[in-house]
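Student: just need the structure, nothing else, for what follows:
(one chain, ligands or ions: 1)
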Amino acid sequence: MKKLDHTVLVIFGSTGDLARRKLLPALFHLEKAGELPEGFRVIAVSRRGTTVEDIILLIRTHVLKSKDDEQILTALHDRTSVLDMEIDKPEQYTRLASALENLEVDAGHLMNHLFYLAIPALLFDTVINRLGQPDINVHKPGKQESRFLIEKPFGFSLESAKNLITMLGKCFEPSQIYRIDHYLAKETAQNILAFRFENPLFCGAWNKEHISHIMITAIESIGIEGRTAFYDSMGAMRDLIQSHLLQLLALVTMKKPASMTEADIHREKEAILSRIRPPKPENISEETVRGQYRTYRTETGKPDSMTETFAAIRLSIDDENWQGVPVFIRTGKALAEKITEVTIVFSDPCKPDRNNLLTIRIQPNEGIAIDLRIKKPGFDTGFEDVQLDFCYTGSTIADHPEAYERVLVDAMRGDRTLFASDAEVLSCWEITEPVLEAWKKPNFPMHWYELGSWGPQAAEQLVQKEGIVWLTDAHTLCTPPHKKLSH
Ligand code: BG6
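Tutor: Next up is the predicted model:
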């Protein structure tokens, strides 16, 4: 692994939901694994009189498992300082510039500045413009660089994403921008390309001649967990499909890159994303479903909210390899289980009732399973269904880094492969925007569903119309063959 440069991580939104749930625990695990470079420092920007102890308490609540972990928290405490600052006041940034300079004077060497931005969209203008000024923004590649880690959603619509790109382009070089999509940094998502392109068995069969359809399920048992302000303006389509799930689809359907380098991988992902099509306007009501869990309005105190907590969509891909292969995506909150999976359905056009399913379990029970039919052992000539199952559990998964650990390490070493490019983000908006526009119409149906269910019936009908059912393999648990569940 490339040596990590001396880095100071500046966290904007240090007490926010994402920092608490993902970023701060990731720092803890990196510290525990000894992956943080010696001089690594953290500046938590806050305006609420937050102290270093408060930050450590946030981490402790999420991760503390044993007494030994106290040592790790102490080490993190020593690396961290808090800068009390109102981020919407440009004049206060001179204090940030001095804090960065002081750290370097103390360390006796230059440091890269890694800015983690998990802030509301309405603050972006001020923060970006101020961070872009020369007292903070340094760009001397190989010596000292400011890098900007930007949380999704990247914009709220196609137009706002374009504006954001223009705004960032005025202040920073493209190589300084790291658009986080933490699904790309999940070990199992990274494995998709290795699995597809390192196994000749699949190379020739990964196309419309052999695959009848693709399904992506990303459902969650948690609700919106108090994130009303964020979620009610976002909804499931923007929160999961526009970013994480279209990125997964790109990994599943892109052509083989000329090499596994950052530039070649992005080139192919951009190419396929530009060919993914939403339903035609006249079919949107037939080929999409939006739903909301029954208690959402009372929980959020928004009695008229039309924000979807469930979304399902049928997509097509206008590409020589994928013509005629539908893609079905569903996602939702407050459902029966937490499952993220991609299912590739291989079919035999001569025997349409027979197929082989290849399931990539992104989480939980991370692994890959292939359903096969074999002869039933014994004197009879009957068949039975079995599974070839590769499961990370008990092998390498325990050692692999969590997505946000990978995000931080890659940003520290200046590798943007697992981050989303401008063109990818814009294509994802092009795909989702027509649907979001149609959903704004007052008479577009909203399907209500029960907490802990598998979502609205309409989502079942969406696929049943094409003679198929949603599949999930989540219960395989890496034990001997299980029957595929249909929900
Ligand atoms: C985030 C969404 O990007 O991803 C959340 O904003 C969602 O709403 C989360 O819960 C899911 O991530 P993971 O890694 O837990 O599947």
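Student: residues of the chain that sit close to the ligand?
Tutor: Counting by CB under 6 Å from any ligand atom, the chain comes close to the ligand at 182, 220, 239, 340. C-beta: built from backbone N, CA, C; applies to glycine.
Student: hmm, residue 360 is touching residue 341, no?
Tutor: Yes - look at residue 360 against residue 341 with CB atoms under 8 Å: they come within range, at 6.6 Å.
Student: if we can go back for a sec, what about the residues of the chain next to the ligand, which one has the most neighbours?
Tutor: residue 340 (26 neighbours; other CB atoms under 10 Å).
Student: which other helices and strands contact the helix or strand containing that residue?
Tutor: Using DSSP states H and E, residue 340 maps to strand 339-348. Helices and strands touching strand 339-348, as assessed by 3 or more CB pairs under 8 Å, 6 or more residues apart in numbering; DSSP states H and E, comprise strand 211-219, helix 246-253, strand 351-363, strand 471-472.
Student: and among the ones you listed, the most buried is which?
Tutor: helix 246-253 (a mean of 24; mean count of other CB atoms under 10 Å).
Student: list the residues that contact residue 421.
Tutor: 179, 266, 269, 270 (CB atoms under 8 Å, 6 or more residues apart in numbering).
Student: among these, name the ones in helices.
Tutor: Secondary structure from DSSP state H places 266, 269, 270 of these in helices.
Student: which residues are in contact with stretch 30-38?
Tutor: Identification of contacts with stretch 30-38 by CB under 8 Å, 6+ apart yields 3-7, 27, 69, 72, 75-76, 79, 401, 405, 408-409, 412.
Student: out of the residues you listed, name the ones that lie in strands.
Tutor: residue 7 (DSSP state E).
Student: rewinding a little: need the helices and strands packed on strand 339-348 in TSV (columns: distance to residue 332 and mean pLDDT).
Tutor: Formatted as TSV, the helices and strands packed on strand 339-348 follow (distance: least, CB to CB, whole Å; pLDDT from 0 to 100):
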stretch	distance to residue 332	mean pLDDT
strand 211-219	5	96
helix 246-253	16	98
strand 351-363	16	88
strand 471-472	13	76
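Student: neighbour-wise, which one of the contacts of stretch 30-38 leads?
Tutor: Of the contacts of stretch 30-38, residue 408 is surrounded by the most neighbours, 28 neighbours in total, counting by other CB under 10 Å.
Student: surely it meets residue 24?
Tutor: No - using CB under 8 Å, residue 408 is not in contact with residue 24, being 10.9 Å away.
Student: then stretch 242-262 to CSV, C-alphas only?
Tutor: The C-alpha trace of stretch 242-262 is given here as CSV (Å, rounded to 0.1, in the frame of the first residue of the first chain):
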residue,chain,number,x,y,z
GLN,A,242,-29.5,8.3,-7.7
SER,A,243,-26.2,7.5,-6.0
HIS,A,244,-25.4,4.1,-4.5
LEU,A,245,-27.6,1.9,-6.5
LEU,A,246,-26.9,3.3,-10.0
GLN,A,247,-23.2,3.1,-9.1
LEU,A,248,-23.7,-0.6,-8.3
LEU,A,249,-25.5,-1.0,-11.6
ALA,A,250,-22.6,0.6,-13.4
LEU,A,251,-20.2,-1.8,-11.9
VAL,A,252,-22.4,-4.7,-12.9
THR,A,253,-22.9,-3.6,-16.5
MET,A,254,-19.9,-1.6,-17.6
LYS,A,255,-17.5,-2.9,-20.2
LYS,A,256,-14.1,-4.2,-19.2
PRO,A,257,-11.8,-1.2,-18.7
ALA,A,258,-8.5,-1.2,-20.6
SER,A,259,-6.8,-1.3,-17.3
MET,A,260,-7.8,-1.2,-13.6
THR,A,261,-6.6,2.4,-13.3
GLU,A,262,-8.7,5.3,-12.1
